[in-house]
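S.K.: Structure for this input, please:
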Amino acid sequence: MSMEHAYQGSCFCGAVEFTVSGEPAGTGYCHCESCRRWSAGPVNAFTLWAPESVRITRGEEHIGAFQKTPQSNRKWCKVCGGHVFTEHPGMGLIDVYAAAIPAFPFKPGVHVHYGETRLRMSDGLPKMKDLPAEMGGSGAMLSE
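M.R.: Coordinates of the predicted model:
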């Protein structure tokens, strides 16, 4: 019998707590303009999970939402403003920010939207111009 992995996470102040369980559908770095502006950083580390793998365990009433585009419904804590996750309805996945789940052994697998990067990263990982074709992107790869 295999044990299912579970990791605890929270917003910046801890008013919102959650658990992710199982294995993520993907991990990596997003370089798109929206993620950069939302995270106030040059790149955003993501972990993608099936919705049933993400469970709010405390503070659901403190979660705020903003949907700039139909592809991303961003969630944050209304107490501290800390980012928690982004729902991607078209992909059927939830991006839980790697920084919000500190014990999760983050091992990035890909760079997406690297065509928009402001921070070149020479790490040997695949660099996608936008998204994989199966997720609505071109599937085009870029060099480091």
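S.K.: Which stretches in this protein count as strands?
M.R.: Here the chain has its strands, by DSSP state E, at 6-10, 17-21, 26-30, 44-49, 54-58, 63-69, 72-77, 83-88, 93-97, 110-112, 127-128, 141-142.
S.K.: Could you dump those strands into TSV with mean neighbour count added?
M.R.: (C-beta placed from N, C-alpha, C; glycine too.) Formatted as TSV, the strands of the chain follow (neighbours: other CB atoms under 10 Å):
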stretch	mean neighbour count
strand 6-10	18
strand 17-21	18
strand 26-30	22
strand 44-49	23
strand 54-58	15
strand 63-69	12
strand 72-77	20
strand 83-88	22
strand 93-97	24
strand 110-112	22
strand 127-128	24
strand 141-142	13
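S.K.: Any chance of those in TSV with distance to residue 134 as columns?
M.R.: Supplementary listing: those in TSV, determined by distance: least, CB to CB, whole Å:
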stretch	distance to residue 134
strand 6-10	26
strand 17-21	22
strand 26-30	11
strand 44-49	13
strand 54-58	21
strand 63-69	19
strand 72-77	18
strand 83-88	13
strand 93-97	12
strand 110-112	12
strand 127-128	12
strand 141-142	14
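S.K.: Please tabulate the ones you listed in TSV and include mean pLDDT as additional columns.
M.R.: Formatted as TSV, those follow (pLDDT from 0 to 100):
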stretch	mean pLDDT
strand 6-10	98
strand 17-21	98
strand 26-30	97
strand 44-49	97
strand 54-58	98
strand 63-69	95
strand 72-77	96
strand 83-88	96
strand 93-97	97
strand 110-112	97
strand 127-128	98
strand 141-142	96
